[in-house]
Structures are given as C-alpha cells and as structure tokens.
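Mind looking at a prediction? Sequence and model below.
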Amino acid sequence: MVQMGGAIGAPERAVVEEIMSSIQDARVGRMSRWSLFTRGKVNNQSQAMQAAPNREQYLDDFVKNKIYYDVSHRLAHDNIPTQISENELRRLSLAGGLMARVAYVDREVTQAENQVILLALQKYWGISQVEAAVVVEMAASEVSRGLDYYRLTRQFFEVTTEDERVHFLDALFAVAAGDRMASFDEIEEIRTIANGLLLSHKQFIDAKLRLSSGQRID
C-alpha cells in the first residue's frame with residue numbers, strides 16, 4: 001500500500017517497520033499461548049493414556065467399535081453386573097448399531113423403535129433388560145453422530161454365522177416395523193445391510209415377507 005504512492009521515504013519506512021514489528025510480536029505471543037495450551041492438553045491426554053491399562057486395545061475400540069467402547073464403560077461406571085463375555089458384548093454392540101441404523105433412516109430413533117431394539121436384544125441374545133437398555137442407549141447415541149457403517153457391517157459379518165445373519169434380518173425388519181409400518185427407505189436400508197452381510201436376495205425377500213402385509217410396503 002505504501003509503494004502505491006511511489007518511493008518510500010524514511011518516515012514511511014519507519015512506520016512500516018513499526019507496524020510489522022507489532023504484528024510479529026502479536027503473532028508470536030498468540031502462538032506461544034496456543035502452544036502452551038495445546039502442549040498442556042496433549043501432555044494430560046498422553047499421561048492418561050499411558051496410565052490406562054491395555055491402552056492399545058482401549059484406543060482400538062474407541063476407533064473401531066465405538067458402541068462397544070461406550071457400552072463397556074457405562075456398565076463399569078454404573079457397576080451393572082453382567083455375565084456377558086467380552087466377545088459377545090462386542091457382537092451385541094455391533095447388532096445394536098445396525099438396528100439403530102435402520103431406526104435412524106428418518107433421522108430419529110423413536111421410543112417405539114428403541115423398545116423394539118431392546119426386546120430384540122433380549123430375545124435373540126438372552127441378555128437382561130438392564131444390559132439391553134445400555135446397548136440401546138449407546139447405539140442410538142452413536143448412530144446420530146455418524147458411524148462407519150461399512151466397518152460396522154463387515155465386523156458383524158466376521159463374528160456371526162450365516163444362520164445368525166439370516167435370523168438377524170428378522171430383528172432388522174421388526175425395528176423397521178416398530179412404528180407400525182416398515183417404510184420404503186427402511187426396507188432399502190435393510191437391503192443394503194443384507195448385501196453387506198453377503199446374504200442373498202432370496203434370503204432378504206423371505207425375511208421381508210415374514211412381516212405381515214399390513215406392516216410393510218411392497
């Protein structure tokens with residue numbers, strides 16, 4: 001801007017140097033404060049992670065199976081007794097996430113859908129109402145924040161048999177019909193999940209037809 005007027009004289013140069021110096025001082029000051037702030041945060045988090053038992057698994061669960069991470073911590077925090085093995089709890093968390101995915105197609109998990117998921121977890125996995133309620137709560141919470149559905153489906157495929165996955169379609173359709181009628185979008189969501197679980201089109205259609213005609217859109 002100074003150069004637009006032609007040659008820069010000594011007074012103008014002095015003003016420019018003073019301004020540049022002030023800017024530089026302010027920038028350094030802000031960066032120093034930010035550095036101190038972030039360094040403290042990082043150090044605190046690093047110390048917490050270093051002190052945590054099985055910190056590699058802790059981080060892996062947080063990234064790859066967030067619902068299981070939330071469920072296991074809630075059960076521990078609330079001192080809820082459980083006989084569920086770690087592997088089964090992981091599987092339950094994946095199932096809860098996929099059911100919540102169907103319920104959340106319309107961007108909301110209703111109370112009726114929550115209840116259907118809770119009952120399905122108890123029916124197909126034989127867990128208590130309290131345990132199922134924790135899984136439902138955590139699954140509904142995480143699905144609204146965004147989940148890696150590809151990873152969720154792939155992991156569920158890896159820990160289930162084909163027969164279990166076929167029966168799981170019944171649970172998904174029950175969730176879809178939780179508000180009395182399985183919508184077109186919910187049915188298509190289940191079709192996507194069935195494809196991800198490597199189930200055939202016939203297996204998908206058979207499960208769909210197990211809903212009464214009044215509960216589905218053909």
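Sure, I can see it. Residues are numbered from 1 along each chain as shown.

make it CA atoms for all contacts and neighbour counts henceforth
Noted.

What are the neighbouring residues in contact with residue 205?
Contacts for residue 205 (Cα atoms under 8 Å, 6 or more residues apart in numbering) come out as none.

Pull out the buried positions in the helix or strand containing it.
Per DSSP states H and E: residue 205 is located in helix 201-209. Along helix 201-209, these residues count as buried under the neighbour rule (16 or more other Cα atoms under 10 Å): 204, 207, 208.

do stretch 119-134 as well
Residues of stretch 119-134 classed as buried under the neighbour-count rule (16+ other Cα under 10 Å) are 119, 120, 121, 122, 127, 128, 131, 132, 133, 134.

before we move on, which element is the residue nearest to residue 110 when sequence neighbours are not counted in?
Leaving aside its sequence neighbours, residue 110 sits nearest to residue 103 (Cα to Cα, 6 or more residues apart in numbering; 7.6 Å). Using DSSP H and E, residue 103 sits in helix 86-103.

for the record, mean pLDDT for that helix?
Taken as a whole, helix 86-103 has a mean pLDDT of 92.

Equivalent analysis for stretch 180-195, please.
Averaging pLDDT along stretch 180-195 gives 93.

rewinding a little: what count of nearby residues applies to the residue nearest to residue 110?
Residue 103 has 30 neighbouring residues, counting by other Cα atoms under 10 Å.

pretty sure it is touching residue 173, no?
No. Shown here, residue 103 and residue 173 do not form a contact pair, counting by Cα atoms under 8 Å, at 9.9 Å.

thinking again about what came up before, OK, contacts around the residue nearest to residue 110?
For residue 103, the contact set (Cα under 8 Å, 6+ apart) comprises 109, 110, 113, 175, 176, 186.

now those: which count as buried?
Here, 16+ other Cα under 10 Å leaves 109, 113, 175, 176, 186 buried among the contacts of residue 103.

Checking the third one next. Helix, strand or coil?
It stands for residue 175. Three-state call for residue 175 (DSSP: H, G, I helix; E, B strand; the rest coil): helix.

any idea how far it is from residue 88?
To residue 88, residue 175 is 21 Å away according to Cα to Cα, to the nearest Å.

Since that was my last question, I'll sign off now.
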